[in-house]
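**Q** could you work out the structure for the sequence below:
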Amino acid sequence: MYKYICRQWKNRKITVLFIIIGFMVGSLVISLGISACRESFAYADDRMGGNPERQLDIFLSNNNMWKQKDVEELIEALGSYGEVQLMSMDSRQLESFGESSPVVPVLFHRKPHWHVPLLEGRYFSVDEMEHSEKVIVLGKQLAERYQIGLEDMVDIGGAGFRVIGICGRQARETSWEYAVYMPWAEYLELYPGCFEDWEKGTALTVHLEDGKKELLEQIEQYIDGAAEKGIQMNYRPVDDVDTSAIRNTLILTTVSTVLVFSTAVINIIHLMLYWLLERKREIGIMKALGADNGAVVRAVVLEVLAMSCIGCLAAVIIQHLSMQLFRDSFGGRLLTFCVTWENLVFAMGISLSFGMAAAVIPAKTVMHFEPVSTVSDQ
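**A** Next up is the predicted model:
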């Protein structure tokens, strides 16, 4: 059967090419839509840093010359609910770079639900939070500017830190790219008096990535306890993300995919019918020699599915090559259509489904071919 299909394709290259192009265009629309949807979700995550329903912004103000130890203990207690990031710390000198950059202390006592997106490497482990480990996660821009890679050593505050992760997005700037993320214990070891110089009225921003619900059940106790130690504590729930962009992308992708593939299927059906009519005599001879309708229909369906697979693979390859070619251009930085396994799996599944639909009418037509009449008509 496979040799027969290859021989038919070789004899009718133009018709096969048009059918494959039809599937390719439809698959390309699907793949681009999948990339756009994924990027919309990633952008929403980037704006809020995870699920806003789990987050809380906490502001600690110095009322009466707070003590370093009291602030440390309060932040340690907050870290028991989820990941804590101290967002308003001073920039620190990075000796390896010869410049200052934000260094963000990170604290958690159980594996976080969300963390900064990583391009390479990994995030901190629970063991690295609870034990003294000189490791950091470095922003993409800093890593590229100074050609720092995974497992390289970076000097901060006179101590050497090993880079275990590079954070950011591949084709879009984010707020994490110029920062250095460091375990809380290591930050305190480098800067043991980091809270002592905070003036009255200056607020320290503590971002709780998850655990908001659990913390809010006891928040008043923390506020009262902090006040007794000269710390004014306020909090604000993180606003919900506007999902209209994601919703619009999903709707547009669905509508455009249905329209493009519907048009492609109609054209493919016509091409298949034309192709089968050209092969009417061959099919009649096959039936006269004993081939039943099932065998002929399987051959037709197999041909359509094979062409849909080729079209889908071509679409994903074209998208990937286009992204590589235009990645550094202005348009490549504005539009991100990166290819992942999701593109191939979803595009292939939908393409095969439409391919089956496109094969129904030609398959029924083949079943009505009569061996004697088809041979005598030629």
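**Q** Glu120 in helix, strand or coil?
**A** Three-state assignment for Glu120 (DSSP: H, G, I helix; E, B strand; the rest coil): strand.
**Q** tally of neighbours for it?
**A** 15 (other C-beta atoms under 10 Å). The C-beta positions use only the backbone N, C-alpha and C, and glycine is treated the same way.
**Q** just give the closest residue to it, not the sequence neighbours.
**A** Ile166 (4.4 Å; C-beta to C-beta, 6 or more residues apart in numbering).
**Q** tell me if the one you found really is in a strand.
**A** Yes. When three-state DSSP is applied, Ile166 is found to be in a strand.
**Q** specify the beta-bridge partners of it.
**A** Glu120, Leu138 (DSSP bridges).
**Q** for Val103, see how far away it is.
**A** Relative to Val103, Ile166 is positioned 16 Å away (C-beta to C-beta, to the nearest Å).
**Q** the two: who's more crowded?
**A** Val103 (23 against 20).
**Q** phi and psi next, for the more buried one.
**A** phi -110, psi 120 (degrees, to the nearest 10).
**Q** go on, Val84?
**A** phi -120, psi 130.
**Q** just checking, it touches Leu107?
**A** Yes. In this structure, Val84 is within contact of Leu107 by C-beta atoms under 8 Å, at 4.6 Å.
**Q** what do these two both touch?
**A** Ile75, Leu78, Trp184 (C-beta atoms under 8 Å, 6 or more residues apart in numbering).
**Q** need the contact list for the last one.
**A** For Trp184, the contacting residues are Ile75, Gly79, Val84, Leu86, Pro105, Val106, Leu107, Met129, by C-beta under 8 Å, 6+ apart.
**Q** model confidence for the first one, exactly?
**A** The reference is to Ile75. You'll see Ile75 listed with a pLDDT of 94.
**Q** out of Val84 and Leu107, which sits in the more crowded spot?
**A** Neighbour count, other C-beta under 10 Å: between Val84 and Leu107, Val84 has more, with 27 against 23.
**Q** ok, the more buried one - contacts?
**A** By C-beta under 8 Å, 6+ apart, the neighbours of Val84 are Ile75, Leu78, Val106, Leu107, Phe108, Trp184, Val206, His207, Leu208, Glu209.
**Q** if we go to 10 Å?
**A** 56, 58, 75-78, 105-109, 112, 184, 206-211 (C-beta atoms under 10 Å, 6 or more residues apart in numbering).
**Q** Val163 now?
**A** Here Val163 is in contact with 120-121, 135-138, 142-143, 148-154, 180 (C-beta under 10 Å, 6+ apart).
**Q** low pLDDT regions in the stretch 251-378 of the chain?
**A** 275-289, 291, 327-336, 363, 366-378 (pLDDT under 70).
**Q** try it again with 90
**A** 251-312, 315-316, 318-378 (pLDDT under 90).
**Q** which stretches in it count as helices?
**A** 280-288, 293-326, 330-334, 341-367, 371-376 (DSSP state H, counting those that start in this stretch).
**Q** same deal with the stretch 101-250 of the chain?
**A** Counting by DSSP H, counting those that start in this stretch, the helices of the stretch 101-250 of the chain are 126-130, 140-145, 184-190, 212-216, 219-228, 244-278.
**Q** okay, the ones you listed in CSV with distance to Gly290 next?
**A** Putting these into CSV (distance: least, C-beta to C-beta, whole Å) gives the following:
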stretch, distance to Gly290
helix 126-130, 69
helix 140-145, 65
helix 184-190, 78
helix 212-216, 71
helix 219-228, 81
helix 244-278, 20
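**Q** which among these is found nearest to Phe23?
**A** helix 244-278 (6.6 Å; C-beta to C-beta).
**Q** which of the contacts of Trp184 sits closest to Phe337?
**A** Val106 (31.7 Å).
**Q** so what pairs up with the closest one in the strands?
**A** Counting by DSSP bridges, Val106 is bridged to Gln85, Pro183.
**Q** ok, Leu204 next?
**A** In this entry, Leu204 is beta-bridged to Leu60, by DSSP bridges.
**Q** check what pLDDT it gets.
**A** Leu204 is given a pLDDT of 87.
**Q** same deal with Ala36?
**A** Predicted confidence (pLDDT) for Ala36: 77.
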